[in-house]
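Give the three-dimensional model of this entry:
(chains A and B)
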Amino acid sequence: MSSSKRRRHAVFATWAYPTIAFVGFLLLWQLVVVVTQLKRFVLPQPLEVLERGFALLDLLFANTPATVLAIALGFAGAVAIGIPLAVLMVASRALESSFYPLLVGSQGVPKVALAPVLVVWFGFGVLPKVIMAMLIAFFPIVINTAVGLRSIDPNYLHLVRSMGASAWRIYTRLLLPSALPQIFAGLKVAMALAIVGAIVGEMVGANSGLGYLLVVANGNLDMALVFAILVWLVLVSLALVGIIDIAERFTIPWSRNTRTRELVQVQG
Amino acid sequence: MIRIKNLGKTFTTADGIVIALENIDIAIEEGQFVSVVGPSGCGKSTLLMCVAGLIEASAGSVTVASTRVTGPFTQVGIVFQEALLLDWRTVLGNVLFQIEMRGLDPKAYESRARELLDRVGLGGFERKSPWELSGGMRQRVAICRALIHDPPLLLMDEPFGALDTLTRDQMNVDLLRLCAETGKTALFVTHSIAEAVFLSNRVLVMTPRPGRVIADLPIAFAGARRLSLRTTPQFAEQESRIYSIFRNIGVLRDE
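Residues are numbered from 1 along each chain as shown, chains lettered A, B, ... in the order given. Here you go, the predicted model:
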């Protein structure tokens, strides 16, 4: 393939494929509704959903900032606690054996079940949503960071020991940078989960936000609005995970992950 | 420079105790280039790691520059088979990594780093990233990183083992020149007999497990060492001395 042809191909892949896939999905949806003749309040038609969504665009916009704020703060909190905790667990045997069983065990607790408890403790403000998002997002960050730190070739460690390097320098200049590709993979999962956390938090107790709006629309049996909110949430998620994607490409252009993107694709 | 006394190393594995090294006694003078050859798994890398203080000996002692080695020895430059470069740093940044990790000022060493890179033929590549380099170039960067702080001792563990023959020959010539110019003491682990003979003042021959030094051969040639040396009868004679040792201990068999 010539380079200009390849570039046109890449542009096509970036915009045309997702559009085609999305339109195909809408058609399939329409087909299901028409063929099964489902009632409007069970599954509305896609066109109806879009119409309702555009009609209530102001409402969607007005409720987005609260949700995004909860997601952003929860995600930031998960990063701020998760990465240092992973470093400590990797650096210290004692801390690992203290925290690791707790950490893994805590994942057995359905965090959704904690949402009402958080409302009781922290009220209807933004805080319980932030905590909810943080609790869910935190685990993949810790696990990915720990795996990333440990997956270094041991000879690198021999090398830096022969340089008489302090633990601080070994972590900040060797281990953490080399773990960045895995950390970013964890951040993407964490962002997607933070969104779920914030929405669940809002569904349980809130007076604004997209999760709150979902509950209200559902209560009114306004299925078109429910689905419009879900579609809007999909777009918000794409944007938020997209931010991490872009940050990844700028932070670690050297990563094999970034560099092999094209090579691992099956050419055809 | 290096005094190894009665060194022994045993590992406990799932299959029981493995004796990697036994009764190693070596004295290496300052400025000597000493190679260690032996079959795979004979413990030559372990020996190097013991000298660097990166593996604790089970018996005996290692003294380098009249200091008993009990932990990582830092007056040293190490080169492994893999270049072990950092992908997020440039070529220059990789050389200066040694300086930064020692808490020294990289600015003060930058001109020296550039000069070293120039000397190994990497002038103009300072701003490149490691993944843009060939295997031989990467290993040259690793050698510069091992020399930037001017250590008295150079430890190399099959540094050219992953390179193609032509690149390897060139690296041998360049390393010989670098060591002659800087007067470093070098301990060089390899499984290539030709490489050992070409580079060294002395070749230590090791047996398979338990690893022991069974021959300590001085290597001397009249005149400067060039690649053409390797086709001379004198060179072949030195090589065949080592081959015959391996035949005698059963490492090599003709049929």
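
for chain A, what's the longest helix?
helix A:57-91 (DSSP state H).

Pull out the buried positions in that helix.
Under the neighbour-count criterion of 16 or more other Cβ atoms under 10 Å in any protein chain shown, helix A:57-91 has A:59-60, A:63-64, A:66-68, A:70-75, A:77-79, A:82-83, A:85-87, A:89-90 buried. No exception for glycine: its C-beta is placed from N, CA and C like everyone else's.

Need the contact partners of stretch A:239-247.
A:Val68, A:Ile71, A:Phe184, A:Leu187, A:Lys188, A:Met191, A:Ala192, A:Ile195 (Cβ atoms under 8 Å, 6 or more residues apart in numbering or on different chains).

As JSON lines, those with pLDDT, distance to B:Leu48 and secondary structure would be great.
Output for the contacts of stretch A:239-247, formatted as JSON lines (pLDDT from 0 to 100; distance: Cβ to Cβ, whole Å; DSSP: H, G, I helix; E, B strand; the rest coil):
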{"residue": "A:Val68", "pLDDT": "96", "distance to B:Leu48": "56", "secondary structure": "helix"}
{"residue": "A:Ile71", "pLDDT": "96", "distance to B:Leu48": "52", "secondary structure": "helix"}
{"residue": "A:Phe184", "pLDDT": "95", "distance to B:Leu48": "36", "secondary structure": "helix"}
{"residue": "A:Leu187", "pLDDT": "96", "distance to B:Leu48": "40", "secondary structure": "helix"}
{"residue": "A:Lys188", "pLDDT": "95", "distance to B:Leu48": "42", "secondary structure": "helix"}
{"residue": "A:Met191", "pLDDT": "96", "distance to B:Leu48": "46", "secondary structure": "helix"}
{"residue": "A:Ala192", "pLDDT": "94", "distance to B:Leu48": "47", "secondary structure": "helix"}
{"residue": "A:Ile195", "pLDDT": "95", "distance to B:Leu48": "52", "secondary structure": "helix"}
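
Please produce a ChimeraX select command covering the buried subset of these.
A single ChimeraX command selects the buried members of these (16+ other Cβ under 10 Å):
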select /A:68,71,184,187,188,191,192,195
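
was I right about B:Val91 contacting B:Leu117?
Yes - shown here, B:Val91 and B:Leu117 form a contact pair, counting by Cβ atoms under 8 Å, at 6.7 Å.

For burial, what's the neighbour tally of A:Pro253?
12 (other Cβ atoms under 10 Å in any protein chain shown).

swap in B:Gly38?
26.

what does B:Ala65 give?
15.

contacting residues around it?
B:Met1, B:Gln75, B:Pro152, B:Leu153.

Make a PyMOL selection of the buried ones in these.
Restricted to buried positions by 16+ other Cβ under 10 Å, the PyMOL selection for the contacts of B:Ala65 reads:
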select buried, chain B and resi 1+152+153
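
May I ask which two of the contacts of B:Ala65 are separated the most?
Maximum pairwise distance among those (Cβ to Cβ): 10.6 Å, between B:Met1 and B:Gln75.

what do the two both touch?
B:Val64, B:Ala65, B:Pro152, B:Leu153.

Find the residue closest to the residue lying farthest from the centre of chain A in space, skipping its chain neighbours.
Here chain A reaches farthest from its C-alpha mean at A:Ser162, the gap being 40.2 Å by Cα atoms, centre = their mean. Spatially, and ignoring its direct neighbours in sequence, A:Ser162 is nearest to B:Ile78 (5.1 Å; Cβ to Cβ, 6 or more residues apart in numbering or on different chains).

wait, is that neighbour part of a strand?
Yes - according to DSSP: H, G, I helix; E, B strand; the rest coil, B:Ile78 belongs to a strand.

partners of it in the sheet?
Here B:Ile78 shows beta-bridge partners B:Leu155, assigned using DSSP bridges.

So it is in contact with A:Leu157, correct?
No - in this structure, B:Ile78 is not within contact of A:Leu157 by Cβ under 8 Å, at 11.8 Å.

Tell me which of those two has more neighbours.
B:Ile78 (28 against 15).

longest single helix anywhere in chain B?
Max-length helix for chain B by DSSP H is helix B:165-182.

now A:Ser208: how far from A:Ala217?
14 Å (Cβ to Cβ, to the nearest Å).

quick one: which of these two has more around it?
Shown here are A:Ser208 and A:Ala217; by other Cβ under 10 Å, A:Ala217 has more neighbours (21 against 16).

For the one helix or strand that one maps to, name the packing helices and strands.
For A:Ala217, the host element (DSSP states H and E) is helix A:210-219. On a contact count with 3 or more Cβ pairs under 8 Å, 6 or more residues apart in numbering or on different chains; DSSP states H and E, helix A:210-219 meets helix A:57-91, helix A:176-204, helix A:223-251.

who does the longest one touch, helix- and strand-wise?
Pointing back at helix A:57-91 there. helix A:93-106, helix A:127-150, helix A:176-204, helix A:210-219, helix A:223-251.

Helix A:57-91 and the last one, what's the angle between them?
What separates the directions of helix A:223-251 and helix A:57-91 is an angle of 40 degrees, with axes from the mean of the first three to the mean of the last three Cα atoms, to 10 degrees.

Check the fourth one too.
Taking the same axes, to 10 degrees, helix A:210-219 and helix A:57-91 form an angle of 130 degrees between their directions.

now the angle between helix A:176-204 and helix A:210-219, please.
Using the same axes, to 10 degrees, helix A:210-219 lies at 30 degrees relative to helix A:176-204.

same question for helix A:210-219, mean pLDDT?
Taken as a whole, helix A:210-219 carries a mean pLDDT of 93.

May I see the buried residues of it?
A:Leu210, A:Gly211, A:Tyr212, A:Leu213, A:Leu214, A:Val215, A:Val216, A:Ala217.

what's near enough to touch the residue nearest to A:Ser162?
A:His158, A:Leu159, A:Ser162, B:Ala52, B:Ala146, B:Leu154, B:Leu155, B:Met156, B:Asp157.

and if you look at A:Val236?
So A:Val236 contacts A:Thr64, A:Thr67, A:Val68, A:Ile195, A:Leu210 (Cβ under 8 Å, 6+ apart).

The same query, at a cut-off of 7 Å, please.
Contact analysis of A:Val236 by Cβ atoms under 7 Å, 6 or more residues apart in numbering or on different chains lists A:Thr64, A:Val68.

Likewise for B:Leu187?
Counting by Cβ under 7 Å, 6+ apart, B:Leu187 has contacts B:Ile28, B:Val34, B:Val36, B:Leu48, B:Val51, B:Leu155.

give me that answer again for 6 Å
B:Val34, B:Leu155 (Cβ atoms under 6 Å, 6 or more residues apart in numbering or on different chains).

could you give the angle of the helix or strand it falls within to helix B:165-182?
Assigned by DSSP H and E, B:Leu187 belongs to strand B:185-190. Angle, strand B:185-190 to helix B:165-182, by the same axes, to 10 degrees: 170 degrees.

For the helix or strand that comes right after strand B:185-190, what is the distance to the chain centroid?
Next along the chain after strand B:185-190, taking DSSP H and E as the criterion, comes helix B:193-199. Taking Cα atoms, centre = their mean, to the nearest Å, the mean C-alpha location of helix B:193-199 is offset from the chain mean by 12 Å.

likewise stretch A:180-187?
12 Å.

now stretch B:98-105
22 Å.

gap between the two ends of that stretch?
Counting by Cα to Cα, to the nearest Å, you get 11 Å between the two ends of stretch B:98-105.

For it, buried residues please.
Under 16+ other Cβ under 10 Å, the buried positions of stretch B:98-105 are B:Gln98, B:Ile99, B:Glu100, B:Met101, B:Arg102.

in the stretch 1-150 of chain B, which spans are helices?
B:44-51, B:91-101, B:106-119, B:135-147 (DSSP state H, counting those that start in this stretch).

which ones are touching A:Tyr156?
Per Cβ under 6 Å, 6+ apart, neighbours of A:Tyr156: B:Leu84.

Let's see the pLDDT reported for it.
96.

May I have stretch A:51-70 exported as PDB, CA atoms only?
C-alpha atoms of stretch A:51-70 as PDB (Å, rounded to 0.1, in the frame of the first residue of the first chain):
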ATOM      1  CA  GLU A  51     -36.000  12.800  18.800                       C
ATOM      2  CA  ARG A  52     -36.600  12.700  22.600                       C
ATOM      3  CA  GLY A  53     -32.900  13.200  23.200                       C
ATOM      4  CA  PHE A  54     -32.600  16.200  21.000                       C
ATOM      5  CA  ALA A  55     -35.900  17.700  22.400                       C
ATOM      6  CA  LEU A  56     -34.500  17.400  26.000                       C
ATOM      7  CA  LEU A  57     -30.900  18.200  25.100                       C
ATOM      8  CA  ASP A  58     -30.900  21.000  27.700                       C
ATOM      9  CA  LEU A  59     -31.900  18.600  30.400                       C
ATOM     10  CA  LEU A  60     -29.100  16.200  29.400                       C
ATOM     11  CA  PHE A  61     -26.600  19.000  29.300                       C
ATOM     12  CA  ALA A  62     -27.700  20.400  32.600                       C
ATOM     13  CA  ASN A  63     -27.300  17.100  34.400                       C
ATOM     14  CA  THR A  64     -24.000  16.100  32.900                       C
ATOM     15  CA  PRO A  65     -21.600  18.400  34.900                       C
ATOM     16  CA  ALA A  66     -22.500  16.800  38.200                       C
ATOM     17  CA  THR A  67     -22.000  13.300  36.900                       C
ATOM     18  CA  VAL A  68     -18.700  14.100  35.200                       C
ATOM     19  CA  LEU A  69     -17.500  15.900  38.300                       C
ATOM     20  CA  ALA A  70     -18.300  12.800  40.400                       C
END
